[in-house]
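S.K.: Sequence first, then the predicted structure:
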Amino acid sequence: MTRRRVEPIVWLMFSGGGVLAAVLLPSLAFLFGLAFPLGWLDPPDHAHLLAVVGHPLTVVVLLGVFLLLLVHSAHRFRYTLYDGLQVKKKRTVAVICYGAAIVGSVAALTVLWVAAQAS
Amino acid sequence: MTASGGTVTPSGGRPTELRVYRRPVSTWWWTRRRSYFVFVMRELSSIFVAWFVVYLMLFVYAVGRGEAAYQSFLDWASSPWVTLLNVVALGFVLLHMVTWFNLTPQAMAVRVAGRRVPAWQIVVQQYVGLAVVSGFVFWLVTR
């Protein structure tokens, strides 16, 4: 059964994404979401950011980070709908949640690739 | 006969459908107790994790498009609604962080030299990891 083979992998990715969301995301969210736009800290200059974003290592790491965070989010939200909000259309919920994570990962690949080409 | 229903065959009779009564659970069951509420808030952090992924992707996209696009992204990001959303989202991410760190010792038993590492040490070490990673991110983007 494919279900048995896929399930542990999804749980593993959920855990990996959970660690990243706890250890890496707070600093990224604080710096790029609040500190730089609001001028609490001087935003880094564009040339430096472009060099960081264009580095192959950054592309690979960010792609992995975004993928794991999206799977983590999709998996958790799926169970929030089942158990928390008592939505019982199991198949529809799973398709929408994981579908969104897949679409998001493809978008991440595209965005990172385009940005790396620009540097 | 199983708890999930199915058919039963009475002695000498025709099989009849067995219907098990399921007590309906309210959509708002989790508002009744503080611990239930925190649980659902913790689970809802998933939406805000996804939001930051989208946000960071928009950021990378703007950086790739050039200096002017980067500037206008920063302007957009400093608008009141985006700021409010980011503040709320960061709050949820921090809730995820605290609950995740606290759960880790329960999810895995770490043994060093045959002895189980106490839970508080695992929690503390994760905060050390958080500090190291945050320091690295800060150094990478601001140097």
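M.R.: It's in.
S.K.: does any bit of the host helix or strand of B:Phe52 sit next to chain A?
M.R.: According to DSSP states H and E, B:Phe52 maps onto helix B:34-65. Yes: contact of helix B:34-65 with chain A (C-beta under 8 Å from any C-beta of the partner chain) involves B:39-40, B:43-47, B:49-50, B:52-57, B:59-61, B:63-65. Heads up, the C-betas are built off the backbone N, CA and C, glycines and all.
S.K.: packing partners for that helix?
M.R.: Under the contact definition 3 or more C-beta pairs under 8 Å, 6 or more residues apart in numbering or on different chains; DSSP states H and E, helix B:34-65 sits against helix A:2-23, helix A:25-28, helix A:46-54, helix A:56-79, helix A:90-118, helix B:67-77, helix B:80-107.
S.K.: between the last one and helix B:34-65, how many degrees?
M.R.: Looking back up the chat, that one is helix B:80-107. 120 degrees (axes from the mean of the first three to the mean of the last three C-alpha atoms, to 10 degrees).
S.K.: And helix B:80-107, what does it pack against?
M.R.: For helix B:80-107, the packing partners by 3+ C-beta pairs under 8 Å, 6+ apart come out as helix A:2-23, helix A:25-28, helix B:34-65, helix B:67-77, helix B:119-142.
S.K.: from those, which stretch is densest packed?
M.R.: Ranked by mean neighbour count, the helices and strands packed on helix B:80-107 are led by helix A:25-28 with a mean of 22 (mean count of other C-beta atoms under 10 Å in any protein chain shown).
S.K.: Low-confidence ranges, chain B, go.
M.R.: Along chain B, the parts satisfying pLDDT under 70 run over B:1-13.
S.K.: List the contacts of the residue of it found nearest chain A.
M.R.: In chain B, the residue that lies nearest chain A is B:Gly64 (3.0 Å; C-beta to the nearest C-beta). Contacts here follow C-beta atoms under 8 Å, 6 or more residues apart in numbering or on different chains; on that basis B:Gly64 touches A:50, A:53, A:111, A:114-119.
S.K.: Of these, select the buried ones using a PyMOL command.
M.R.: The buried subset of the contacts of B:Gly64, as determined by 16 or more other C-beta atoms under 10 Å in any protein chain shown, is captured in PyMOL by this line:
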select buried, chain A and resi 50+53+111+115+116
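S.K.: thought A:Phe14 was touching A:Leu69?
M.R.: No: applying C-beta atoms under 8 Å as the test, A:Phe14 and A:Leu69 come out as separate, 10.4 Å apart.
S.K.: backbone phi and psi for the closest residue to B:Arg116 other than its chain neighbours, please?
M.R.: Nearest non-adjacent residue to B:Arg116, counting by C-beta to C-beta, 6 or more residues apart in numbering or on different chains: B:Ala109, 5.7 Å away. Main-chain dihedrals, B:Ala109, degrees, to the nearest 10: phi -100, psi 110.
S.K.: and what of the one 5 residues further on?
M.R.: Summarising the backbone geometry of B:Gly114 under the convention degrees, to the nearest 10, its torsions are phi 80, psi -10.
S.K.: count of neighbours near it?
M.R.: For B:Gly114, the number of neighbouring residues by other C-beta atoms under 10 Å in any protein chain shown comes to 5.
S.K.: quick revisit: relative to helix A:2-23, how tilted is the helix holding B:Phe52?
M.R.: Using the same axes, to 10 degrees: helix B:34-65 against helix A:2-23 is 80 degrees.
S.K.: Now do the contacts for residue 67.
M.R.: Chain wasn't specified; assuming chain A. A:13, A:105, A:108.
S.K.: Let me rephrase: I mean chain B.
M.R.: Contacts of B:Glu67 by C-beta under 8 Å, 6+ apart are A:His46.
S.K.: switch to 10 Å and redo it
M.R.: Taking C-beta atoms under 10 Å, 6 or more residues apart in numbering or on different chains, we find B:Glu67 in contact with A:45-47, A:49-50.
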